[in-house]
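Engineer: generate a structure from the sequence data that follows.
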Amino acid sequence: MHVFDWFYGLNFFVLYPLTIIVIISAAEVGIYLGRRRPSESEFGTPTGAALGLLALLLAFSVSLSVGRFDDRRRLVLDEADAISSTAKFALALPQQSQAVILPLLHEYVTLRSNLGIPYDPIKFDRDVARSVEIETALWAEAMKIVAISDTPRTNRFVNSLNQMSSLHERRVTALRYHVPGVVTAILVGIAMVAMGFSGFHAGTSSGGRHVVVILMGMMVAVVLMLIVDLDRPARGMIRVSVQPLLDAAQTMPTANH
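Structural biologist: Prediction:
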């Protein structure tokens, strides 16, 4: 794990106050230094430039995080459709094959519904390994069927199983992937610099903008936490619903049907 990735494992109720403290501290340091040099008011230009750069980076980061969130949501829906289709095509197979395939699919959809929930890296790796084992068993049964009877019905089942297998790795990758910690660290650093400039500029003025700068720092911290939360699919408060997989599990046929 990268040295900057440790905060992705922190609890939200620790991470959020920590980020607020860091951002507000930068603003407070700027205010303190600005009050010591009240005549230096030329910091308005660098302050505006720093805030503009921060706003641009925050908007870009939020857009990327929301895009990855939508990708994970779409993958859940696609996987639910693929598993349901595989189960339906299995009904056209011989009864002895259904007795092997359908129970495996039931276990598979249950595993995929609970993938990464609750957050536990050991459980996640165990569930992924078990998913691969189930897929291997399904493919072994599919090859037996194809060897005996290579018909359009078996081909439809094989094609659906192939799609289900490809979605497996795509969804696992989407759950594991997040923006490198160093990128987020740089974003926090730029936010600290921008708030430090803002605090310094407020400190040099006589208008008493202390409260405004602190509120702005809190808003910046909230946006930063939104970005991180969207990028932590298994840990944050914003999570992708797995309802499509739960619905697929409830409507999936059994070997007795």
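Engineer: for the spatially closest residue to residue 234 that is not a sequence neighbour, report the pLDDT, please.
Structural biologist: Excluding the flanking residues, the one nearest residue 234 by C-beta to C-beta, 6 or more residues apart in numbering is residue 116, at 4.0 Å. In short, each C-beta sits where N, CA and C put it, glycine included. pLDDT for residue 116: 83.
Engineer: who are the packing partners of the helix with the most length in the chain?
Structural biologist: Ordering each helix of the chain by length in residues (DSSP state H) puts helix 44-90 first. Counting contacts by 3 or more C-beta pairs under 8 Å, 6 or more residues apart in numbering; DSSP states H and E, helix 44-90 packs against helix 95-113, helix 152-176, helix 181-204, helix 210-230, helix 243-251.
Engineer: now find how far off-centre that helix is within its chain.
Structural biologist: Helix 44-90 sits 8 Å away from the centroid of its parent chain (C-alpha atoms, centre = their mean, to the nearest Å).
Engineer: so for that helix, mean pLDDT?
Structural biologist: 90.
Engineer: now the helices and strands packed on helix 44-90 as JSON lines including mean neighbour count and mean pLDDT?
Structural biologist: Formatted as JSON lines, those follow (neighbours: other C-beta atoms under 10 Å; pLDDT from 0 to 100):
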{"stretch": "helix 95-113", "mean neighbour count": "18", "mean pLDDT": "94"}
{"stretch": "helix 152-176", "mean neighbour count": "17", "mean pLDDT": "92"}
{"stretch": "helix 181-204", "mean neighbour count": "21", "mean pLDDT": "86"}
{"stretch": "helix 210-230", "mean neighbour count": "18", "mean pLDDT": "87"}
{"stretch": "helix 243-251", "mean neighbour count": "16", "mean pLDDT": "93"}
